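Participant: need a 3D model of the sequence below.
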Amino acid sequence: QVQLVESGGGLVQPGGSLRLSCAASGSIFSINAMGWYRQAPGKQRELVAIITKSGSTYYADSVKGRYTISRDMAKNTVYLQMNSLKPEDTASYYCNARVVLIGAEFSDKEFWGKGTLVTVSS
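Facilitator: Predicted structure coming up:
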């Protein structure tokens, strides 16, 4: 129905930057919200940032001031600019979207990407 494909992960030194991208494709009528979660080894998945259809944003306290979420509605793509990265930011980052499907415009469904690994290490 909907595919989310992340890109942009990799290895970066502490203090460095990375930009993640997530493109949604498929039977999309509209997207109510897109966001990023992350999961470090041995830890639960946690919300990092979300952006709604109206453009409102939310950030976890741990990334406020360092991360910026943005979107290109025409491309159904969300971005996560990550600056001043710390070793504790190391995790697999997952894209999430709440999508209104074509033919089912009265509700939305949640979809996940497969994740992209971000490693912050010297």
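
Participant: S107 against V100, yeah?
Facilitator: Yes - with contact defined as C-beta atoms under 8 Å, S107 reaches V100; the gap is 7.3 Å. In short, each C-beta sits where N, CA and C put it, glycine included.

Participant: more crowded one of those two?
Facilitator: Neighbour totals were compared for S107 and V100, and V100 leads with 18 against 8 (other C-beta atoms under 10 Å).

Participant: is the more buried one in a bridge, and if so with what?
Facilitator: Per DSSP bridges, the residues bridged to V100 are S30.

Participant: and it, what's its pLDDT?
Facilitator: Per-residue pLDDT puts V100 at 94.

Participant: give the rounded mean pLDDT of the helix or strand hosting T119.
Facilitator: Under the criterion of DSSP states H and E, T119 resides in strand 116-120. Averaging pLDDT along strand 116-120 gives 97.

Participant: so for S107 and V100, which residues contact both of them?
Facilitator: Here S107 and V100 have no joint contacts, going by C-beta atoms under 8 Å, 6 or more residues apart in numbering.

Participant: the closest residue to N83 other than its chain neighbours: what's it in contact with?
Facilitator: Spatial nearest neighbour of N83, chain neighbours left out: S17 (4.7 Å); criterion: C-beta to C-beta, 6 or more residues apart in numbering. Neighbour list for S17: Q81, M82, N83, S84, L85 [criterion: C-beta under 8 Å, 6+ apart].

Participant: rerun at 10 Å
Facilitator: Contact analysis of S17 by C-beta atoms under 10 Å, 6 or more residues apart in numbering lists R66, Q81, M82, N83, S84, L85.

Participant: compute the distance between it and A74, please.
Facilitator: With distances taken as C-beta to C-beta, to the nearest Å, S17 is found 25 Å from A74.

Participant: give me the three-state assignment for the residue nearest in space to the middle of the chain.
Facilitator: Centroid-nearest residue in the chain, with C-alpha atoms, centre = their mean: W36, separated by 2.6 Å. What DSSP: H, G, I helix; E, B strand; the rest coil gives for W36 is strand.
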